[in-house]
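1. I would like to see how this sequence folds:
(2 chains)
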Amino acid sequence: MYWEQEYECMDREGLQQLQLERLQANLHRVYLNVPFYRRKFDAKGIDPDDFTSLRDIERLPFTTKDDLRDNYPYGLFAVPLREVVRIHASSGTTGMSTVVGYTKNDIKTWSNLVARVLSAGGITKDDVVQIAFNYGLFTGGLGIHYGAERVGASVIPISSGNTRRQIKIMQDFKTTALICTPSYSLLIADALKEAGVNINSLSLKYGLFGAEPWSERMRQEIQERLKIVATDNYGLSEVMGPGVAGECLERQGLHVNEDHFLVEVVDPETLRPVPVGEVGELVVTTLTKEAFPVIRFRTRDLTRFITEPCPCGRTLVKMGRVMGRTDDMLIVRGVNVFPSQIEAILFDIEGTEPHYQIMVEREGNLDDATVLIEVSESIFFDEMKKQNEFVDLIKRRLASELGISVEVKLVERKTLERAEGKAKRVIDKRKY
Amino acid sequence: MLKIRNLDSGYGRLKVLRKVSMHIAPGEIVTIIGANGAGKTTLLNTIAGLLRAREGEIIFDNRDISRLPAEKVVFLGCSLVPEGRQVFASMTVKENLLLGGYIRQRRERKGAMKAGIEKVYGLFPILMEREKQLAGTLSGGEQQMLAIGRSLMAQPRLVMMDEPSMGLAPLIVKNIFSIIVRLREEGNTVLLVEQNAKASLAIADRGYVLETGRIVLQGTSEELLMNKDVQRAYLGRDLDVEMKI
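-> Next up is the predicted model:
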């Protein structure tokens, strides 16, 4: 269902006009109010008055996570603090946290964009929405919360963790929609199975998942095990939080809210735009943010544009599911390896669980990658020969897909660190 | 209906507008707010063809009008209610209205002018009472009504108004603004330039903030009313004073 049809189904020309208007106004404000950007623009000889087309964005310098850290905590705010009504900080998955702020208008815009994403994923005011994202400084919890209230759904702000309680509430409160990370939804599925809960006795219909990369296979497993329609959504605190992009029920990619975000996909090495449809790093420029605008923020997330028209009628461009992070992109013996590739292979092989870890070590000058995979107990009861065959099968599949050989180690269920927030897929023990 | 991209304009060597981009959809009331000298009148005069655009595009109903003379622009359906009314003081009310419809006169069927005048009288009954009076003897509010009525005589689809509240008593301003709302209800699209940001944002769907010839902010009226910079600069709320109290 559309939330704001006039924007979600806008014709391309109208959208580009709106984007240009917003970009020009935004650049003037950023230049005027944020010394960091003014210095960067001046150093490159860029005058906001020179912007005449959306393509001019390519002349602007990128903004990175390091820039945000260097200006910790408030250096990149474009309004005085007294106009800021909310402060969030990024989860700091890969380092020190970064701080972002919101004006009253920002909170309204944010709620509205999350409402769009939730509506696209099937949520209406009739739903009972269980938000099992971590509340607090992380934008996931409160971000989704405000959007779900905006839609008019009945919102359960349960936050993450305490899986038994999640299940009890899911049963008692007749939750119809679950919102959390995809890995946590599988953890809930595990717990439901262990508790012997009949899935049909639940009221669950929809699941909206985000905050970490996941695969099509994982979607299928979640959909089958929880008997829901699972959609992907995307956002990051540096840009706003959830609400940047979300899948419609077609489940063929995430519609980007382009009227509020100008998006590019660039080659992470050359920083040049990749041909449309090819994988690269997503770069986002906010068009309407007041308190914390960002110009060409490098998200580190790898994705691609899908420009084919969507049967749902939305004209907003789609991005493919995030394939991983440029930071996660392991370079093992010179070959790019994405955790998502390994995940896709493991889902294809019967007997493996969707829990795995990739460990990279270095012996001398040679990288050694080992994939630790949880397997169902039955495998271990079988004779050694069969187990070896199984390991060989996985190795062969991985080698042919990744282009390098990796070690494979089977571990018992629940030996790998389980995530209630984000799954840790990569352990890089190499020292540089 | 109207799309402007990267419009530069000015007077002689003085550059006033810098890369202004904006749009108006059919049926909208869009307001442009800004301080004195920000370039609001320059923008309207450039759209109207009274000033020549130096660069950029002004697309009105899929046609670039940025190089067209004023009378062509009016003929295409875009008319201006100029700043300070500019009624013809030594002519009667009716003569003023007839002049407003001049551009249509030769092409329209007989009686069209009469119907147009009646429509204007319907909107502003006071003008009918003053029909034979010289425009210069009208009050400020009546002159504003006449200026609006005159622009409607050209049967525009887009009406541009430059500071209609200027120099008028609050009660009259209220009246004029309710007329603007009515114009929209009757299918017109309105571009309203105002210093009275509060009044214009109250009736507009969206707005643009013009500062030193640049658009620095745009959004729905609601968003602009909530924006602290707009409140400080255009709505007369002094936050520094408020903080101290």
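2. export the longest helix seen in chain B as PDB, just CAs?
-> For chain B, the longest helix by residue count, based on DSSP state H, is helix B:170-185. C-alpha atoms of helix B:170-185 as PDB (Å, rounded to 0.1, in the frame of the first residue of the first chain):
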ATOM      1  CA  PRO B 170      -5.000  43.600   8.700                       C
ATOM      2  CA  LEU B 171      -8.700  43.200   8.100                       C
ATOM      3  CA  ILE B 172      -8.300  44.000   4.400                       C
ATOM      4  CA  VAL B 173      -5.300  41.600   4.200                       C
ATOM      5  CA  LYS B 174      -7.500  38.900   5.600                       C
ATOM      6  CA  ASN B 175     -10.100  39.600   3.000                       C
ATOM      7  CA  ILE B 176      -7.500  39.600   0.200                       C
ATOM      8  CA  PHE B 177      -6.100  36.300   1.400                       C
ATOM      9  CA  SER B 178      -9.500  34.600   1.600                       C
ATOM     10  CA  ILE B 179      -9.900  35.700  -2.100                       C
ATOM     11  CA  ILE B 180      -6.700  34.000  -3.000                       C
ATOM     12  CA  VAL B 181      -7.900  30.800  -1.400                       C
ATOM     13  CA  ARG B 182     -11.100  31.100  -3.300                       C
ATOM     14  CA  LEU B 183      -9.200  31.600  -6.600                       C
ATOM     15  CA  ARG B 184      -7.600  28.300  -6.000                       C
ATOM     16  CA  GLU B 185     -10.900  26.600  -5.200                       C
END
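3. That helix: which residues count as buried?
-> The neighbour-count check on helix B:170-185 (16 or more other CB atoms under 10 Å in any protein chain shown) flags B:172-173, B:175-177, B:179-180, B:183-184 as buried. Every C-beta, even on glycine, is put in place using the N, C-alpha and C of the backbone.
4. With distance to chain A as added columns, please give the residues you listed in a markdown table.
-> Formatted as a markdown table, the buried residues of helix B:170-185 follow (distance: CB to the nearest CB, whole Å):
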| residue | distance to chain A |
| --- | --- |
| B:172 | 33 |
| B:173 | 27 |
| B:175 | 32 |
| B:176 | 28 |
| B:177 | 25 |
| B:179 | 27 |
| B:180 | 23 |
| B:183 | 22 |
| B:184 | 17 |
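5. just checking, residue A:314 touches residue A:10?
-> No - between residue A:314 and residue A:10 there is no contact under CB atoms under 8 Å: 9.3 Å.
6. what's the first-to-last distance across stretch B:122-141?
-> The first and last residues of stretch B:122-141 sit 16 Å apart, counting by CA to CA, to the nearest Å.
7. what's the spacing between residue A:9 and residue A:314?
-> Here residue A:9 is placed at a distance of 6 Å from residue A:314 (CB to CB, to the nearest Å).
8. go on, residue B:58?
-> Distance of residue B:58 to residue A:314, given as CB to CB: 30 Å.
9. Check residue A:45 too.
-> From residue A:45 to residue A:314 the distance is 39 Å (CB to CB).
10. So if I had to pick from the two, which one is more boxed in?
-> Between residue A:45 and residue A:314, residue A:314 has the larger neighbour count (other CB atoms under 10 Å in any protein chain shown), namely 20 against 8.
11. I'd like the secondary structure assignment at residue A:347, please.
-> Put simply, residue A:347 is helix when judged by DSSP: H, G, I helix; E, B strand; the rest coil.
12. OK, contacts around it?
-> Residue A:347 makes contacts with A:215, A:217-218, A:220-221, A:354, as judged by CB atoms under 8 Å, 6 or more residues apart in numbering or on different chains.
13. is it possible to export those residues to a markdown table including pLDDT, distance to residue A:40 and secondary structure?
-> Below are the contacts of residue A:347 laid out as a markdown table (pLDDT from 0 to 100; distance: CB to CB, whole Å; DSSP: H, G, I helix; E, B strand; the rest coil):
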| residue | pLDDT | distance to residue A:40 | secondary structure |
| --- | --- | --- | --- |
| A:215 | 86 | 37 | coil |
| A:217 | 86 | 42 | helix |
| A:218 | 90 | 39 | helix |
| A:220 | 94 | 45 | helix |
| A:221 | 94 | 45 | helix |
| A:354 | 69 | 42 | strand |
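14. Buried subset of those residues as a ChimeraX selection?
-> The buried residues among these can be selected in ChimeraX (16+ other CB under 10 Å) with this line:
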select /A:215,217,218,221,354
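15. Greatest separation within the contacts of residue A:347: which pair is it?
-> Greatest spatial distance among the contacts of residue A:347 (CB to CB): A:220 and A:354, at 10.6 Å.
16. For the stretch 101-250 of chain A, list the residues in contact with chain B, please.
-> For the stretch 101-250 of chain A, the residues found near chain B under the criterion CB under 8 Å from any CB of the partner chain are A:103-105, A:108-109.
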